[in-house]
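Asker: Kindly return the folded structure for what I paste below:
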Amino acid sequence: MYVLVRIWAFVRWRCPAILRHVGPSPTRWRRQSEFTSLESALVGDFIVISLKRNVMGLVCLAMALAVWGCGAGDNQTSTDVEGDSPGAATEPAEGTGAQANPSPNDPGPTVAATSTLLQTKLGTADQAKATTRPNPANPSTAPTAYLVIVEPASLDLGTAGVNESAKGTVRLVNTGEKPMTITDCKSSCGCTTTKCPKGLSLQPGESTEVEVSVSTGVRGRVISKTVTFVVEGQPPLRLPVKVEVIAYVSIEPLKMSPDSLPDGRIVLRAIDDEPFRVLSVSPEVIAQFDEDPRVEHELFLSWDTWRDLDSAPILKFTLDHPKVKQVQTLVRDSARSRVLDKTAATRPATAQPASTLKGLDPQLAVALKNDDVQALSKVLEQGTDAKTRDAMLAVASKYGRVEMIQVLLDAGANIEAPDARGRTPLMSAVQSRNGQAVQALLARGANVNARNPDRGGTALAWASGKFGDLAMVQALLAAGADVNVSDQGGMTPLLWAAGFGDVARVEALVEAGANLQVSDSTRGATPLMFAARTGSLESLHALVKAGAVLQEKGRQGKTALAWAAERGTPPKLQALIDAGADVNARDSRGWTPLDYARNRRDARGKEIVQILEPLTAPEEADASESPDE
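Answerer: Have a look, this model is predicted:
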């Protein structure tokens, strides 16, 4: 057995090529250098081999165990082993660990010499590795690898709004004793750019500034990117860049499709409670939106109109918020081309007169734009077809041109002819916000209950919400408008008025018999819930006075008080509490109004928490201290 051990030691020293096939890996050699003797190292070798080989492995394992037993039994030193050799090995040369002038009959190095050889080689390799390895965390501390360093080592651009460009500056400093040339600047994505000083040679001690810009994109998040500076003669120099993007106006959802959002509902909300207006929507697929400043705007996309337009899959909203001018959402509609082919084959040619000035003859467009009745009359006297007259009536109604509406109707224009979006002249007149135009069409027999094929809404629904006033609502009701008609989203005139109208229209609809407990099909929200979320305090008082049920719950089990705590104002919350609303009512996931208040991130949320905490039962308050979202 001892002879086998000596043979194995000789092979390890003289035949490294053999060991590459049957011996352990270099990593395992380094681990074995910790053994106190070569016998222990050999045991490790044999054990590893035994785990990897079959028959030969078992033999080697037996040999290893035998060697281990001999070494542990008498713990022989390397000198004892040397003394038994017929020809003692010559001492290794100092500092090299190698044998000097070995004889042909020499069986190999002694155990001590081999162990010393291994430890010397491994130690030297580790030392070399430690002195040449760069330190990426602190490049300036690597004296030979990084001569050009970046200051600061990381760039924090702070906070920025969406659709902006966050900018910062860093310095590249040559800390060496020879010129260094900057050859390139690279970024980890296209949203990060630099004003790269390509080809600049930095003299010893010289520095240069580099501007770094990050495009923030369209949603709030933390952006972490990397800029890499390539300097000739040293490893790439990496600069971490970070910026926190804040969506001061949130948009929900960020992605939408007819399948995921059949009602097309979009909510814009200012997280800083700064009222803002929606100035425009592109493309024009929103039937109506409130032009008054609000903290939250609820809009509805028309999928039929969207499919009629061959536009990019991005819906953009232009705002007048002081910290963000534009937000957008991504629209996916894989069925658009199929619907276009189908509707193009079945839609009557006369069903789509122009609804804008661009669709008319230039002479007619100028007359309508300038409200030039004489010019319009002259064109009509020269002769026009029915389609042109209907188109002119649609545009005149949209702009509220009362006298022109009368002239066109006298010339034979169809009072029920829909425009390209399915709106009748009466609906367009409501959108113009001109009550006289509405009354003129009603006086000529316009169908007050005609429904828009897009969402199923009526002129009364539009007048009750964002476009009308009390006189317009009263005129439509007097003409026989259905006060409880609902569109495809379950929205009735009272729901529109409670959420987006004023108290005068709410009271007029209630007096006309509007259902106080009706709810929309999306959230199951009642008029009182709409008033608590986005309506006025006066409308909320009017609904409570009319007998709206305070404890009614929507689809998620949320009461009007919960809606007020989540999105309303402290006065509306207090009004509901004074009326007897249950402050401890839980929704379907177990949240109380206090939970919703604590989950807010605006100043009003803190005020509402201060109102609710003293009123909420102790066990409810404790359970509400850490809501899950």
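Asker: domains of this structure?
Answerer: Domain assignment for the chain by automatic domain parsing gives 2-132, 139-246, 249-331.
Asker: For the ones you listed, which has the smallest mean pLDDT value?
Answerer: Set side by side, the domains of the chain differ in mean pLDDT, and domain 2-132 is lowest with a mean of 44.
Asker: neighbours of the residue nearest to residue 522 when sequence neighbours are not counted, just the number please.
Answerer: Computed as C-beta to C-beta, 6 or more residues apart in numbering, the closest residue to residue 522 that is not its neighbour in sequence is residue 263, at 5.3 Å. Every residue, glycine included, has its C-beta placed from N, CA and C. By the other C-beta atoms under 10 Å criterion, the neighbourhood of residue 263 contains 19 residues.
Asker: The one 5 residues further on too?
Answerer: Number of residues near residue 268 (other C-beta under 10 Å) recorded here: 22.
Asker: mind listing what residue 564 touches?
Answerer: 532-533, 572-573, 576, 593, 608 (C-beta atoms under 8 Å, 6 or more residues apart in numbering).
Asker: where's it, which helix or strand?
Answerer: Residue 564 belongs to helix 560-567 when assigned by DSSP states H and E.
Asker: For the next helix-or-strand element following that helix, give the mean pLDDT please.
Answerer: From helix 560-567 onward toward the C-terminus, using DSSP H and E, the following helix or strand is helix 570-579. In this model, helix 570-579 has an average pLDDT of 94.
Asker: correct me, but residue 535 touches residue 494?
Answerer: No - Residue 535 is beyond contact range of residue 494, at 10.9 Å (criterion: C-beta atoms under 8 Å).
Asker: so how far is the first residue of stretch 281-296 from its last?
Answerer: Taking C-alpha to C-alpha, to the nearest Å, the first and last residues of stretch 281-296 lie 16 Å apart.
Asker: typo on my end, it should be stretch 428-437
Answerer: With C-alpha to C-alpha as the measure, the ends of stretch 428-437 fall 9 Å from one another.
Asker: Kindly spell out which helices and strands sit in contact with the host helix or strand of residue 251.
Answerer: Counting by DSSP H and E, the secondary-structure element that holds residue 251 is strand 249-252. Based on contacts counted as 3 or more C-beta pairs under 8 Å, 6 or more residues apart in numbering; DSSP states H and E, the elements that strand 249-252 packs against are strand 265-270, strand 314-321, strand 324-331.
Asker: how about 6 Å then?
Answerer: Secondary-structure packing of strand 249-252 (3 or more C-beta pairs under 6 Å, 6 or more residues apart in numbering; DSSP states H and E): strand 265-270, strand 324-331.
Asker: Report all helices and strands that the next helix or strand after the first one contacts.
Answerer: Beyond strand 265-270 on the C-terminal side, the first helix or strand identified by DSSP H and E is strand 278-282. With contacts taken as 3+ C-beta pairs under 6 Å, 6+ apart, strand 278-282 sits against strand 314-321.
Asker: Parallel or antiparallel, list what pairs with the strand it packs on.
Answerer: Here strand 314-321 is paired, per DSSP bridges, with strand 278-282 (antiparallel), strand 324-331 (antiparallel).
Asker: what does the strand holding residue 251 contact?
Answerer: Contacts of strand 249-252 with the rest of the structure, by C-beta atoms under 6 Å, 6 or more residues apart in numbering, involve 267-271, 321, 324, 327, 329.
Asker: now do stretch 373-380
Answerer: Contacts made with stretch 373-380 from outside it, assessed by C-beta under 6 Å, 6+ apart, are listed as 364, 367, 403-404, 411.
Asker: could you dump those residues to CSV with distance to residue 467, neighbour count and secondary structure?
Answerer: Converted to CSV, these look like this (distance: C-beta to C-beta, whole Å; neighbours: other C-beta atoms under 10 Å; DSSP: H, G, I helix; E, B strand; the rest coil):
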residue, distance to residue 467, neighbour count, secondary structure
364, 25, 21, helix
367, 25, 24, helix
403, 21, 14, helix
404, 20, 24, helix
411, 27, 17, coil
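Asker: With pLDDT and distance to residue 568 added, can I get those residues in TSV?
Answerer: TSV is the format used below for the contacts of stretch 373-380 (pLDDT from 0 to 100; distance: C-beta to C-beta, whole Å):
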residue	pLDDT	distance to residue 568
364	70	48
367	73	48
403	89	44
404	86	43
411	85	51
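Asker: returning to that earlier point: what distance do you get for the residue nearest to residue 522 to residue 434?
Answerer: In this structure, residue 263 and residue 434 are 29 Å apart, going by C-beta to C-beta, to the nearest Å.
Asker: for residue 538, same thing?
Answerer: For residue 538, the distance to residue 434 equals 25 Å [C-beta to C-beta].
Asker: and what of residue 258?
Answerer: Summarising the geometry, the distance separating residue 258 from residue 434, computed by C-beta to C-beta, is 34 Å.
Asker: Likewise for residue 467?
Answerer: Residue 467 sits 10 Å away from residue 434, going by C-beta to C-beta.
Asker: Neighbour count: the two, which is higher?
Answerer: Remark: of residue 467 and residue 434, residue 467 carries more neighbours, 26 against 20, as counted by other C-beta under 10 Å.
Asker: wait, isn't the more buried one in contact with residue 432?
Answerer: No - between residue 467 and residue 432 no contact is recorded; they are 8.0 Å apart, counting by C-beta atoms under 6 Å.
Asker: one step back: need the residues touching each of residue 467 and residue 434.
Answerer: Between them, residue 467 and residue 434 have no joint contacts when contacts are counted by C-beta under 6 Å, 6+ apart.
Asker: what mean pLDDT would you report for the helix holding residue 564?
Answerer: Looking at helix 560-567 alone, the average pLDDT works out to 92.
Asker: Pull out the buried positions in that helix.
Answerer: Burial within helix 560-567, assessed by neighbour count using 16 or more other C-beta atoms under 10 Å, is assigned to 560-567.
Asker: and which of those residues is nearest residue 522?
Answerer: Nearest to residue 522, judged by C-beta to C-beta, of those is residue 563 at 13.4 Å.
Asker: In contact with the spatially closest residue to residue 294 that is not a sequence neighbour: list those residues for me.
Answerer: Using C-beta to C-beta, 6+ apart and skipping residues adjacent in sequence, the residue nearest residue 294 is residue 275, 5.7 Å away. Neighbour list for residue 275: 293-295 [criterion: C-beta under 6 Å, 6+ apart].
Asker: Write a PyMOL command that selects only the buried members of those.
Answerer: To isolate the buried members of the contacts of residue 275 in PyMOL, using 16+ other C-beta under 10 Å:
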select buried, resi 294+295
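Asker: Format the contacts of residue 275 as JSON lines; extra columns: distance to residue 306 and secondary structure.
Answerer: Shown next, in JSON lines, are the contacts of residue 275 (distance: C-beta to C-beta, whole Å; DSSP: H, G, I helix; E, B strand; the rest coil):
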{"residue": "293", "distance to residue 306": "27", "secondary structure": "coil"}
{"residue": "294", "distance to residue 306": "24", "secondary structure": "strand"}
{"residue": "295", "distance to residue 306": "27", "secondary structure": "coil"}
